[in-house]
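Asks: below are the sequence and a predicted model; questions follow.
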Amino acid sequence: MSPRPLRTVAVVLIPVAIGINYAGKLVAAALRLPLWLDAIGTVLAAILAGPWVGALSGLLTNALYGITADPVSFFYGVVNLLIGFVAGFLARLGWFRRALLAAAAGTVIAVVAALSSTPINVSLFGGQTGNPWADGLFAFLLAQKVWLPLASFVGELATDLPDKVAVAVAAFAIVRGLPHRLTALLTPPKAQG
């Protein structure tokens with residue numbers, strides 16, 4: 001799947017997606033939610049403009065958040081990039097046509113996010129995620145003598161699964177609420193086959 005030239009509306013969508021991601025992350029942190037909520041814009045951009053726009057939105061979100069709020073965010077840029085790419089690919093396959101399919105897409109995205117976050121968590125933070133709920137599960141699993149990378153993955157997935165399902169369904173709902181004139185300008189063609 002090669003990148004297509006970006007349309008002007010897709011380029012304008014990227015900062016909007018970054019703003020949504022940034023706001024979601026700040027709200028989740030301020031309310032101490034057990035979720036990240038930092039990828040709604042990434043998934044939204046991916047649904048509307050394809051995998052490459054979603055991936056770029058995700059990567060740039062982490063760069064901006066790393067510069068302005070938390071340098072650790074730089075390390076997780078690849079995770080948000082993969083979220084955008086996978087969401088865009090699933091959108092092209094029609095996984096965001098209905099809410100139930102969007103929830104299933106969120107599950108796939110959660111597994112990708114957890115798999116890509118785990119090596120970062122293990123190498124930088126001894127397996128911890130930075131989320132108190134996930135880290136509690138991680139500590140419990142370690143106490144049960146579960147292999148550290150597996151305990152880290154399970155802890156990460158325990159947070160990523162509800163988060164990414166919520167993110168995917170929220171992005172789906174936003175797209176459904178947008179005027180058709182706008183979505184027609186952005187939506188890439190569906191995969192053939």
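Replies: Received the coordinates, thanks. Numbers count the residues shown, from 1 in each chain.
Asks: tell me where the chain has helices.
Replies: Assigned by DSSP state H, the chain shows helices spanning 8-30, 40-49, 51-68, 77-92, 99-125, 132-143, 148-177, 180-186.
Asks: chain center to the fifth one: distance?
Replies: To tie it back to what came earlier, the one meant is helix 99-125. Helix 99-125 sits 8 Å away from the centroid of its parent chain (C-alpha atoms, centre = their mean, to the nearest Å).
Asks: kindly report the same for the longest one.
Replies: Relative to the chain's own centre, helix 148-177 is displaced by 7 Å; criterion: C-alpha atoms, centre = their mean.
Asks: now do it against helix 132-143, angle only.
Replies: Interaxial angle, helix 148-177 versus helix 132-143 (axes from the mean of the first three to the mean of the last three C-alpha atoms, to 10 degrees): 150 degrees.
Asks: average pLDDT for helix 148-177?
Replies: For helix 148-177, the mean pLDDT works out to 97.
Asks: what does the second one give?
Replies: Taken as a whole, helix 40-49 carries a mean pLDDT of 97.
Asks: so what does it touch, helix or strand wise?
Replies: For helix 40-49, the contact count by 3 or more C-beta pairs under 8 Å, 6 or more residues apart in numbering; DSSP states H and E identifies helix 8-30, helix 51-68, helix 77-92, helix 148-177, helix 180-186 as packing neighbours. All C-beta spots, glycine's among them, are computed from the backbone N, C-alpha and C.
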